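*Asks:* Generate coordinates for the sequence data below:
(2 chains)
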Amino acid sequence: MRPLWAKFEEAFWPIRCVWLRYLHVYLKNWVYGLVTTFVEPLLYLVSFGYGLGSMIGSVEANGISVSYRQFVFAGFVAQSCLFQGFFEAAYGSFVRMYYQKIFKAMASTPITLSEVLWGELLWDATKGTLSACAILLLGSLSGDLSPWGSLMAVPLCFLGALLFSSLGLWMAALSQTIEQISYPQYLLVFPMFLFCGVYFPLETLPETLQTLASFLPLTALLSLIRWLTLDFPFQIQALAVFIFWLVLMVFISRDTMSRRLVK
Amino acid sequence: MTASLEVKNLTKSYQRKGHPPFVAVSDLSFELRLGEIFGLLGPNGAGKSTTINCLTGFYPPTNGEVLIEGFNIHREPKKAKQHLGVCSQEDTLDTDFDVLDQMIRYGTFYRIDHFEIVKRARILLETLGLMEKSNELIENLSGGMRRKLQVARALISNPKVLVLDEPTTGLDPDARRTLWQLLTENRKQGMATLLSTHYMEEAERLCDRIAILFEGKVLDLDSPENLIKKYIGTEIIEEEIRPGVIWKRNPNLEDVFLKLTGKSLSSGDSE
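*Replies:* Prediction:
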């Protein structure tokens, strides 16, 4: 009987192969990769964290008082997962599926389409995690975020980026043209980014909007990140909402993309 | 001879909203033997690409099965595809890589040792006249070079079964001949090749047997010579190609196709 590790390696080797294909491309254009992964969240961080943060002072959310800089630092961690995950998966996978047709090319080898899609999602999530890690590191070094909490938030960020990558992949699978991806971008991603509590506590919103926002995945991710990095109270509802969206998005995105490609 | 690829009663239909399913391929059966070049000849829309998508495991069949080296491609895709090389009709080159890197990357998908992949890649690129472009990005290649690279990539695993969907479309005569020569060499090594084409000269020249496909059905399957003998005969055909100019020529597969379907090979809509 083969050892468990050998079976595990055999099952994950094709996904690793696809993931390495993306890493290889990323490293080939590492300057471009660094700029697109790290610059945007860092600019937000400096502008809102240090610029606006010095004017606002402190904010109170979930019964905890923290400096505005701490509050948005944690917010930008989640925002990085959203932006990097969604945009890489939505636009990137659309290009790879529709223009380059490399999903089909890879699936013509012993790697199956299901494994290709896992590789795609895991890479997109990796990119989102890298970006989130940069902010976590900066937040820890500046003393705004708990270093241990930041470390524990890394796997959570990966799952968050996986969730938003799945959302992006789903949108790519549904879009007939690359322009159509703008609809979810403007109607879903930007509203989430603006109204889920990245910049201000949800309590400041009207109650209906608060309730609506509490069911969105970014709100749930933010709550969990602030719990780990700022010692906010743990909200079981946030965990439930997060797991619900994660499972649903991963399943639905892979299923829709497979249906689009395989007739 | 051993069958490298067996297609048994393959049927593929597409569901359509508000309409009955469209049957693209109906009850297709044939086998591809070791060292054989087998042609699927038909106009655009005949069901060639659908057949190939089913044979390569990309589309699930509605009915029937496809075996490669004895492995069902839909039930045991990994084992089956380990023996399969595919060059699809559309350009599926990975434009994020240069020519050589592309070959190496796809070789790793077959779990081939790195040094072995590099060796094979260099030989293939040399054979197809692409070696001097090995460090070029795909976007810098001409259409013909891209097509040749796609064939080279399909051969990187040294497959037992090679499936080529319209491989010479867009190739200049010289490149086409290079490719024909490569396929002939591979046949000598025992590689079984399935060639989908609508070029009758290509089919006649390369294929040991041909299946004439029309509206998803095989109208007949035999060697090119037998098909011509059976449907047209051996007499020289005289055609008036311009007013007063008579051209005498041997009968060919185009004549067979016309006789069987009432249409020429170049007719039909794109699939």
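*Asks:* Going by C-alpha atoms from here, please, whenever you check contacts or count neighbours.
*Replies:* OK.
*Asks:* give me every residue that touches residue 161.
*Replies:* Looking at chain A here, since you left the chain open. Listed by Cα atoms under 8 Å, 6 or more residues apart in numbering or on different chains, the contact partners of A:Ala161 are A:81-82, A:84-86, A:124-126, A:128-129.
*Asks:* my bad, the chain I had in mind was chain B
*Replies:* Here B:Val161 is in contact with B:4-5, B:68, B:83-85, B:191-194 (Cα under 8 Å, 6+ apart).
*Asks:* For B:Val163, see how far away A:Ser175 is.
*Replies:* In this structure, A:Ser175 and B:Val163 are 31 Å apart, going by Cα to Cα, to the nearest Å.
*Asks:* Compare these two (neighbour count), which wins?
*Replies:* Shown here are A:Ser175 and B:Val163; by other Cα atoms under 10 Å in any protein chain shown, B:Val163 has more neighbours (25 against 17).
*Asks:* how much space between that one and chain A?
*Replies:* If you measure B:Val163 against chain A using Cα to the nearest Cα, to the nearest Å, the figure is 11 Å.
*Asks:* three-state assignment of that residue?
*Replies:* Put simply, B:Val163 is strand when judged by DSSP: H, G, I helix; E, B strand; the rest coil.
*Asks:* what pairs with it across the strands?
*Replies:* Here B:Val163 sits in beta bridges with B:Val86, B:Leu194, going by DSSP bridges.
*Asks:* so which strand or helix has the residue nearest to B:Pro224 when sequence neighbours are not counted?
*Replies:* Ranked by Cα to Cα, 6 or more residues apart in numbering or on different chains and with sequence neighbours excluded, the top spatial neighbour of B:Pro224 is B:Glu204, at 5.7 Å. When secondary structure is defined using DSSP states H and E, the element that contains B:Glu204 is helix B:200-206.
*Asks:* Mind checking which of the contacts of B:Val161 are in strands?
*Replies:* Assigned to strands by DSSP state E, the following of the contacts of B:Val161 qualify: B:4-5, B:68, B:84-85, B:192-194.
*Asks:* Where does pLDDT dip in the stretch 1-150 of chain B?
*Replies:* Confidence mapping of the stretch 1-150 of chain B against pLDDT under 70 gives the ranges B:1-2.
*Asks:* Near chain A, which residues of it are found?
*Replies:* Within the stretch 1-150 of chain B, the positions lying close to chain A (Cα under 8 Å from any Cα of the partner chain) are B:14, B:56-60, B:77-82, B:84-86, B:91-97, B:105-106, B:108-110.
*Asks:* ok, of those residues, which come out buried?
*Replies:* The neighbour-count test (16 or more other Cα atoms under 10 Å in any protein chain shown) applied to the residues of the stretch 1-150 of chain B next to chain A identifies B:56-60, B:77-82, B:84-86, B:91-97, B:105-106, B:108-110 as buried.
*Asks:* what residues does whichever strand or helix holds B:Val118 touch?
*Replies:* Element membership of B:Val118, judged by DSSP H and E, is helix B:114-127. By Cα under 8 Å, 6+ apart, the list of residues contacting helix B:114-127 from outside reads B:100, B:103-104, B:107-108, B:131, B:134, B:149, B:152, B:155-157, B:182.
*Asks:* Just give me the closest of the residues you listed to B:Thr51.
*Replies:* Of all the contacts of helix B:114-127, B:Thr51 sits closest to B:Leu155, with 20.3 Å by Cα to Cα.
*Asks:* I'd say the closest one and B:Gly85 touch.
*Replies:* Yes - taking contact to mean Cα atoms under 8 Å, the distance of 5.9 Å between B:Leu155 and B:Gly85 places them in contact.
*Asks:* how about low-confidence regions in the stretch 1-150 of chain A?
*Replies:* A:1.
*Asks:* Could you list the residues of it in contact with chain B?
*Replies:* Counting by Cα under 8 Å from any Cα, the residues of the stretch 1-150 of chain A near chain B are A:14, A:17, A:21, A:25, A:100-102, A:104-112.
*Asks:* Out of those, which is nearest to A:Ser142?
*Replies:* A:Ser142 has its nearest neighbour among the residues of the stretch 1-150 of chain A next to chain B in A:Val25, at 32.5 Å by Cα to Cα.
*Asks:* nearest residue to the closest one other than its sequence neighbours?
*Replies:* Going by Cα to Cα, 6+ apart, A:Val25 has B:Asp96 as its nearest residue, at 6.5 Å.
*Asks:* Would you map the strands across the stretch 1-150 of chain A?
*Replies:* When assigned using DSSP state E, counting those that start in this stretch, the strands of the stretch 1-150 of chain A occupy the ranges A:58-61, A:64-67.
*Asks:* How many residues are close by the residue of the stretch 1-150 of chain A found nearest chain B?
*Replies:* Residue nearest to chain B within the stretch 1-150 of chain A (Cα to the nearest Cα): A:Pro110, separated by 4.6 Å. Each residue near A:Pro110 was counted by other Cα under 10 Å, and the total is 22.
*Asks:* Could you do the one 4 residues further on as well?
*Replies:* A count of neighbours around A:Ser114, defined by other Cα under 10 Å, yields 16.
*Asks:* next one: the longest helix belonging to chain B to chain centre, how far?
*Replies:* In chain B, ranked by residue count with DSSP state H as the criterion, the top helix is helix B:173-188. Mean-position distance between helix B:173-188 and its chain equals 13 Å (Cα atoms, centre = their mean, to the nearest Å).
*Asks:* Fine by me, thanks again.
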